[in-house]
Structures are given as structure tokens and as C-alpha cells.
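[1] attaching a predicted model along with its sequence, questions to come.
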Amino acid sequence: MKVGFYQFSPVFGEPKKNLEKIVEQLLKCDADLVVLPELAFSGYLFIEKKEVLTLSETIPGPISDTLREIAIKKGMTIVTGFAELNSAGGDKAYNSAFLVTPEGDIKIYRKNHLFHEEKLFFEPGDLGFPVFTVKGVKIGLLICFDHFFPEAARTLALQGAQIICHPSNLVIPFKAQLTTRTRSIENKVFWILANRTGSEVRGDKKFTYSGLSQISDPDGRIMVQAGELEEGFFAVDINPELAKNKSITPLCSLFQDRRTDIYQI
């Protein structure tokens with residue numbers, strides 16, 4: 001199974017332009033699973049709630065419809081972050097990710113752990129930590145700041161997730177590149193960290209994103225990594241079956257040795 005990510009610098013407030021750039025890349029890449037960054041179409045550095053509502057969309061919508069067509073055409077699974085408008089109406093939006101399968105099915109995850117001023121603009125996730133099965137492989141989704149919470153990755157792993165897809169817009173250098181490798185080791189899973197690069201300046205605010213998207217294996221080894229400023233598609237072949245083996249030694253199992261009788265959380 002070939003898995004990959006596309007690291008690039010979305011332009012704030014230009015969803016059509018960002019979509020065009022992503023489509024161009026997806027149409028020429030070769031992979032079974034591709035992960036894109038968090039809020040890959042809208043950009044990240046919002047100043048007002050009305051910007052969020054303007055740049056969010058429901059599913060189905062133009063973005064999901066377009067990626068669905070590509071997923072079916074190329075027989076690939078695509079995971080991307082996006083700003084999701086509440087389909088029930090009102091002024092609610094979520095920092096979400098969706099997974100679209102080669103058959104065109106779309107599954108949604110909503111970010112549970114909102115970072116910094118995201119709390120001013122987005123609703124916290126209300127869908128839990130779902131795991132989706134695609135062609136026999138179990139895939140979990142997390143978004144950016146979720147990586148700081150080991151319970152999130154463990155919840156996915158306990159449901160059988162073999163690959164964790166992690167759309168991100170990381171502004172704290174090097175932390176996620178380290179913690180996600182640790183989460184891979186803790187749970188014996190493959191981890192696809194799809195970060196963005198570049199900077200955004202909005203009024204008196206500036207965020208610089210750390211790049212260094214990477215894929216780690218169940219032993220925490222980096223299989224492929226992009227540079228801090230590099231744009232492009234990166235991929236590697238993996239065997240998802242390796243993530244089913246939770247043994248550390250012949251007598252030690254990550255899951256069988258858990259002491260749930262004495263944990264306080």
C-alpha cells in the first residue's frame with residue numbers, strides 16, 4: 001500500500017485557488033492514500049467569526065464533490081482538513097477532516113481539541129474518535145493539536161486503527177514531529193502527519209508553519225519527511241498488517257498488558 005501526503009502553503013481566503021492547486025497535484029500523484037493539511041482550502045489565521053462562516057462549506061459541497069470525483073477516478077483514498085459549516089444552519093462551524101474512499105463514500109471527523117483562538121471560531125468536535133475501514137485497512141483521523149493528547153491516539157488504536165491520518169497546521173516547532181513518532185511507538189501504528197508550510201499575516205497577527213510533514217512506522221521510525229519550507233507530494237510503501245502486531249517482546253503486549261484496573265483515567 002502506497003501512502004503519502006501533500007505539503008504546501010494554502011493562500012488564506014482563496015478556497016478555489018487552493019482547490020485547483022490540490023487537484024493538480026492529486027491527478028498526477030501515485031498513491032492509495034493521500035493526506036492533505038488542516039484547513040487546506042480556507043487557510044488558518046482567522047480574525048473574525050464571519051470569515052470562518054464565509055469560508056466554510058457543508059458536505060456535500062464543491063470541495064468534497066471535487067475530491068470525491070478524483071478519489072473514484074484514481075481509486076485512491078483522500079483525507080483532508082477543511083472548515084465545515086453546520087449543515088443544520090446557524091452560525092456554527094467545525095475544524096474538520098473528511099475521508100473519501102475510492103467508492104466515493106465520505107466520512108467526517110471533527111477536531112476534539114481546539115487550539116488557541118480556534119476556540120473563538122469553531123465548535124468542539126461532537127463525533128468522538130471514529131475509525132473507518134477502507135479496503136480492509138482501518139484508518140483513524142486526528143487534527144493538529146489532538147496529537148498532544150495520548151488518549152486520542154490510544155482510543156483510535158484500541159478500535160483497531162492501523163493508520164492514523166493527521167492533517168495539521170503546526171506553529172509550535174518540532175513538537176508534533178516528536179510526539180507523533182511517540183504515538184506510533186505507544187500504539188504500534190503508522191502515522192501520516194500532513195503539515196503545511198509558509199506564513200500567514202493578518203492584521204497584527206502572524207503565524208509561521210513548521211512544515212516537516214512525515215510518515216512514521218509502528219516503531220516510530222521516520223519513513224519519509226518533507227523539509228521545513230518544501231512543497232510537494234511525498235509517498236512511501238507500507239504494510240498495514242504490521243500495525244496489528246502489538247507485541248514488544250514475546251511476553252509483552254501493549255494492549256494485553258494494560259492495567260485498566262488501576263488507571264485513574
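    Received, thanks.
[2] grab the nearest non-local neighbour of residue 183.
    Excluding its sequence neighbours, the residue lying closest to residue 183 (Cβ to Cβ, 6 or more residues apart in numbering) is residue 153, at 4.3 Å. Backbone N, C-alpha and C define where each C-beta goes, glycine included.
[3] surely residue 111 touches residue 122?
    Yes: counting by Cβ atoms under 8 Å, residue 122 is a contact partner of residue 111 at 7.2 Å.
[4] joint contacts of these two?
    When contacts are counted by Cβ atoms under 8 Å, 6 or more residues apart in numbering, residue 111 and residue 122 have 94, 95 as shared neighbours.
[5] which one's more surrounded, those two?
    Just comparing residue 111 and residue 122: by other Cβ atoms under 10 Å the higher neighbour count belongs to residue 111, 27 against 24.
[6] and that one, what pLDDT?
    With respect to pLDDT, residue 111 scores 98.
[7] against residue 36, how distant is residue 199?
    19 Å (Cβ to Cβ, to the nearest Å).
[8] looking at those two, which one has more neighbours?
    With neighbours defined as other Cβ under 10 Å, residue 199 and residue 36 compare such that residue 36 has more, 27 against 11.
[9] now the closest residue to that one other than its chain neighbours: how far from residue 178?
    The spatially closest residue to residue 36, leaving aside those adjacent along the chain, is residue 80, at 3.9 Å (Cβ to Cβ, 6+ apart). Applying Cβ to Cβ, the value for residue 80 to residue 178 is 24 Å.
[10] of those two, which one has the most company?
    Neighbour count, other Cβ under 10 Å: between residue 80 and residue 178, residue 80 has more, with 26 against 11.
[11] what about the more buried one, which SS state?
    strand (DSSP: H, G, I helix; E, B strand; the rest coil).
[12] bridged to it, which residues?
    Residue 80 has these beta-bridge partners by DSSP bridges: residue 98.
[13] isn't it right next to residue 98, touching?
    Yes: judged on Cβ under 8 Å, residue 80 makes contact with residue 98 at a distance of 6.5 Å.
[14] thinking again about what came up before, surely the residue nearest to residue 183 touches residue 182?
    No: counting by Cβ under 8 Å, residue 182 is not a contact partner of residue 153; they are 9.2 Å apart.
[15] compare these two (neighbour count), which wins?
    Shown here are residue 153 and residue 182; by other Cβ under 10 Å, residue 153 has more neighbours (26 against 15).
[16] buried ones in the helix or strand harbouring the more buried one?
    In this assignment (DSSP states H and E), residue 153 forms part of helix 150-158. Residues of helix 150-158 classed as buried: 152, 153, 154, 155, 156, 157 (neighbour count, 16 or more other Cβ atoms under 10 Å).
[17] for it, what is the average pLDDT?
    Averaging pLDDT along helix 150-158 gives 98.
[18] cool, and stretch 232-245?
    Mean predicted lDDT for stretch 232-245 stands at 98.
[19] what residues does it touch?
    1-8, 25, 29-31, 34, 137, 161-163, 188-190, 213, 215, 217-218, 223-226.
[20] done for today, thanks.
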